[in-house]
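Chemist: sharing a model prediction with you, sequence too.
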Amino acid sequence: LVSCPSHYSVAVGSEADGSQQECVACGKGLECVGVNGTNCTECSACLSGYYKDAAVAEGCKACPANTYFGGTGAEAVSQCEGCPSGSTTEQRVAQTSVGACVCDASLYRAVDGDGDVVCVACPTGAECQDDGGGKSCGLRTADLACGSTAVVGNWSRVNESRYTLQSCPSGHSLVNTLSGTSVDDADELFRHDAQQCVECLDGSQYVLRSNVDRCQKCPRGLKCRGDSTLDPVDAGSEWVSEVVESVGMIYRLVSCPSHYSV
């Protein structure tokens, strides 16, 4: 016996007279494709992304959509690992790594503390409103943008960990808690999903420290522009900035021009 058809291997046997020679179907996790349906002599392991769960004369089967397998010689479909929650292979089969799993549009890809790939909910401040009415995440893109518009704020992460909002531009208040305040990312009140730069309202609010304070209500004696601009209604009035516990840094009216009182 010189060769066998596809998915068989040559079995010589132990008898010297060759009476035990035969073609034997490839076992689990093995196949032999051959050339033009023949010329198979030895079975080889199923390639990455494939499996074979029975010793039959068939080829290896592709791992189903939304799964992957990076090794070789898989003997059961259960060895095809499922994609992380919130991701799919977009109908592609026979995938070989978790890199083939694409997070849903409203999520972004990260690596957790155990080194596993996860799909993470998009922080409020990085959500993009799509033309069709749906939402996507601006942190999915290399330039951190919603289309041609950059996500507001300075976002960063170490390697592929979760993103943290580090700072906001002038006229915005950094928020990363459910109550609308800003805390260190190690604080127990910190909420990844709540992170955003809230724009202070032009004409009715101001903020002196964008990365620390909330937007403050504009005093009657100031013309506010949403940022830290100091523009008194009455020329000659004196204002100072001071920190008020549980409120933040505010403008305080110290004195007024002649014929006015504080």
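Modeler: Thanks, I have it.

Chemist: residue 27 contacts residue 42, doesn't it?
Modeler: No: taking C-beta atoms under 8 Å as the definition, residue 27 is not a contact partner of residue 42, at 11.9 Å. (Each C-beta comes from the backbone N, C-alpha and C, glycine too.)

Chemist: out of the two, which sits in the more crowded spot?
Modeler: The neighbour comparison of residue 27 against residue 42 (other C-beta atoms under 10 Å) goes to residue 27, with 15 against 11.

Chemist: how many neighbours does the closest residue to residue 224 other than its chain neighbours have?
Modeler: Of all residues not flanking residue 224 in the chain, residue 218 sits nearest, at 3.5 Å (C-beta to C-beta, 6 or more residues apart in numbering). For residue 218, the count of nearby residues is 19 (other C-beta under 10 Å).

Chemist: got it, and the one 5 residues further on?
Modeler: Residue 223 is flanked by 13 other residues according to other C-beta under 10 Å.

Chemist: how about the one 4 residues further on?
Modeler: Residues within reach of residue 227, counting by other C-beta under 10 Å, total 17.

Chemist: kindly report the same for the one 3 residues further on.
Modeler: Residue neighbour count, defined by other C-beta under 10 Å, stands at 14 for residue 230.

Chemist: then residue 178?
Modeler: Number of residues near residue 178 (other C-beta under 10 Å) recorded here: 11.

Chemist: residue 234: neighbour count?
Modeler: Using other C-beta under 10 Å, residue 234 has 11 other residues around it.

Chemist: tell me how far it lies from residue 253.
Modeler: 10 Å (C-beta to C-beta, to the nearest Å).

Chemist: what touches both of the two?
Modeler: Residues touching both residue 234 and residue 253 (C-beta atoms under 8 Å, 6 or more residues apart in numbering) are residue 221.

Chemist: which residues are contacting stretch 222-242?
Modeler: If you take C-beta under 8 Å, 6+ apart as the criterion, stretch 222-242 is touched by 170-171, 199-208, 215, 218, 220-221, 249-258, 260.

Chemist: for ChimeraX, what selects the buried ones among those?
Modeler: Selection of buried members from those for ChimeraX, criterion 16 or more other C-beta atoms under 10 Å:
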select :171,199,200,205,206,207,208,215,218,249,250,251,253
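
Chemist: in strands, which of the contacts of stretch 222-242 fall?
Modeler: Within those, membership in strands is found for 199, 205-206, 249-255, as judged by DSSP state E.

Chemist: which of the residues you listed sits closest to residue 59?
Modeler: residue 199 (59.2 Å; C-beta to C-beta).

Chemist: separation between that closest one and residue 211?
Modeler: 14 Å.

Chemist: likewise residue 222?
Modeler: On the measure of C-beta to C-beta, residue 222 and residue 211 end up 22 Å apart.

Chemist: and what of residue 156?
Modeler: Separation of residue 156 from residue 211 (C-beta to C-beta): 13 Å.

Chemist: the more surrounded of the two?
Modeler: Neighbours per residue, other C-beta under 10 Å: of residue 156 and residue 211, the larger number sits with residue 211, 16 against 11.

Chemist: let me see the contact set for the more buried one.
Modeler: Here residue 211 is in contact with 166-168, 174, 182 (criterion: C-beta under 8 Å, 6+ apart).

Chemist: try residue 201
Modeler: Residue 201 sits next to 215, 226 when contact means C-beta under 8 Å, 6+ apart.

Chemist: would you confirm that the residue nearest to residue 224 contacts residue 202?
Modeler: No: at 9.8 Å, residue 218 does not count as touching residue 202 under the criterion of C-beta under 8 Å.

Chemist: identify the contacts common to residue 156 and residue 211.
Modeler: Common neighbours of residue 156 and residue 211, counting by C-beta under 8 Å, 6+ apart, are residue 166.

Chemist: now the helix-or-strand element of the chain with minimal mean pLDDT: buried residues?
Modeler: None of the helices or strands of the chain scores lower by mean pLDDT, DSSP states H and E than strand 8-11, at a mean of 86. By 16+ other C-beta under 10 Å, the buried positions in strand 8-11 come out as 8-10.

Chemist: do stretch 14-28 as well
Modeler: Here stretch 14-28 shows 23, 25-26, 28 as buried, counting by 16+ other C-beta under 10 Å.
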